[in-house]
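>>> Next comes the sequence, and after it the predicted model I'd like to discuss.
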Amino acid sequence: MTPLCELAERQDTDKGPRGVNASLGVFPGHNYTPTYHALFDPIRERVQSICELGVWSGGSLHVWADYFPAAFLHAVDIEYGRLDEWAANSPRVMRHLCNQSDHGGLVEVARLAGGFDIVVDDGSHNPDDMTASMAALWYHARYWYVIEDIRREHLAAYLPIWNGIAGRPRMEIQSALSPDVVALAWGR
């Protein structure tokens, strides 16, 4: 088990093999973190800025903060009522109230941040929103751009569009929760 998997298992996030939630207890996850560790570990100490679209309670923000000790975290969501106390108050977390389909709003977030080393789209899981976010943020991602929880049925229609924006993905990550769900990662 990778260090990133171990961090994810202690938080309310579905990115790792398992997560922990106060009401659910231990729950199964997508198990993206072994691949994320392989992609991110070589740049781990250099990462200064991460943007995550869709942060729910903030569990993944804890994971990113622990894994990337020097990173400033940009949390983009349409509401923050679910954030835990740390995520809501940490000086390392900048909250941006923005819909992931708002091109101008996302470009402004990227401008304010000075770009991002990594962008993780875990937002609405709607392929039109994923496309809008990628169009706005791909050029502001220095190392990696990841879209999580893509239904395979959408790949035929949307992958050519995403390829037109960012080229072919460097990695496809199969979800452990469903054979119909993947994450895609584009690298520079």
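Everything's here; your move. Numbers count the residues shown, from 1 in each chain.
>>> Around the residue lying closest to M94 once chain neighbours are set aside, how many other residues sit close by?
Once flanking residues are discounted, M94 sits nearest to H74: 5.1 Å by CB to CB, 6 or more residues apart in numbering. For every residue, glycine as well, the C-beta is placed using N, CA and C. For H74, the neighbour count with other CB atoms under 10 Å is 22.
>>> And H74, how close does it get to E108?
12 Å (CB to CB, to the nearest Å).
>>> Show me where the chain has its strands.
18-21, 25-28, 49-53, 72-77, 93-97, 116-121, 141-151, 171-174, 181-187 (DSSP state E).
>>> Report the beta-bridge partner residues of the residue nearest to W64 when sequence neighbours are not counted.
With sequence-adjacent residues excluded and distances taken as CB to CB, 6+ apart, W64 is closest to I50, at 5.2 Å. Beta bridges link I50 to L73, I118, judged by DSSP bridges.
>>> If I look at I50, what pLDDT would I see?
On pLDDT, I50 comes in at 98.
>>> again with V26
88.
>>> Check the burial of it by counting its neighbours.
The burial count assigned to V26 is 10, neighbours taken as other CB under 10 Å.
>>> That one: what's it in contact with?
18-20 (CB atoms under 8 Å, 6 or more residues apart in numbering).
>>> Select from those the one having the most neighbours.
Using other CB under 10 Å as the neighbour criterion, G19 leads the contacts of V26 with 23 neighbours.
>>> what's the distance between the residue nearest to W64 and M1?
For I50, the distance to M1 - CB to CB - is 22 Å.
>>> which one of the two has more residues nearby?
I50 (26 against 12).
>>> how much space between the more buried one and L177?
From I50 over to L177 (counting by CB to CB), the distance is 23 Å.
>>> hmm, back to that, quick check: the residue nearest to W64 touching V76?
No - I50 lies out of contact with V76 (CB atoms under 8 Å); the separation is 10.9 Å.
>>> report the longest helix in the protein, please.
Criterion DSSP state H: the longest helix present in the chain is helix 152-166.
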